[in-house]
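S.K.: Below are the sequence and a predicted model; questions follow.
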Amino acid sequence: MPTKAAHFQLVENYAAHIVEGMDIDSLTHIVYDMLVREYEKLSWDDITEEIVDLYDEDTLIDLIGDSDDNNTDEPSEATGW
């Protein structure tokens, strides 16, 4: 049975191997997916608090506005849908 250190080294080596084989678009996509997956686990309060702590309240307001715009059941005149 390998040691914890050997296991961790294998994990690090494998992660580095994957990253080295990716282009910028692939890296961007995987980071986005991982962030969404992690932030989905947080409550509304936890996410909003983090946004205000890391950025500011104006950023939070802007982001909430974006999410409201994307969640309408009405068709958009811009897209016809």
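M.R.: Received, thanks. Quantities reported herein were computed from a predicted structural model and do not represent experimental measurements.

S.K.: Whichever strand or helix holds Phe8 - contacts with which helices or strands?
M.R.: Secondary structure from DSSP states H and E places Phe8 in helix 4-20. On a contact count with 3 or more C-beta pairs under 8 Å, 6 or more residues apart in numbering; DSSP states H and E, helix 4-20 meets no helix or strand. Heads up, the C-betas are built off the backbone N, CA and C, glycines and all.

S.K.: any idea how this protein splits into domains?
M.R.: Split into domains by automatic domain parsing, the chain comes to 1-40, 42-71.

S.K.: how near is the residue nearest to the spatial centre of the chain to Phe8?
M.R.: The centre of the chain sits closest to Leu35, judged by C-alpha atoms, centre = their mean, with a distance of 2.1 Å. The spacing between Leu35 and Phe8, counted by C-beta to C-beta, to the nearest Å, is 23 Å.

S.K.: Okay, now the unreliable bits of the chain?
M.R.: Across the chain, residues meeting the criterion (pLDDT under 70) sit at 66-81.

S.K.: can you give me the helices for this structure?
M.R.: 4-20, 24-39, 44-54, 57-69 (DSSP state H).

S.K.: What residues sit buried inside the first one?
M.R.: Just to be clear, that refers to helix 4-20. Going by neighbour count (16 or more other C-beta atoms under 10 Å), nothing in helix 4-20 comes out as buried.

S.K.: Quick one: residues in contact with that helix.
M.R.: Taking C-beta atoms under 8 Å, 6 or more residues apart in numbering as the criterion, the residues outside helix 4-20 that touch it are 2, 27.

S.K.: Just want the angle from it to helix 24-39.
M.R.: Between helix 4-20 and helix 24-39, the angle formed by their directions is 130 degrees, by axes from the mean of the first three to the mean of the last three C-alpha atoms, to 10 degrees.

S.K.: I'd like the numbering to begin with 28 instead of 1 from here.
M.R.: Sure thing, new numbering starts at 28, so read that last one as helix 31-47.

S.K.: what's in contact with stretch 56-70?
M.R.: 49, 74, 77.

S.K.: give me the number of residues near Leu69?
M.R.: Burial of Leu69 is recorded as 12 neighbouring residues (other C-beta atoms under 10 Å).
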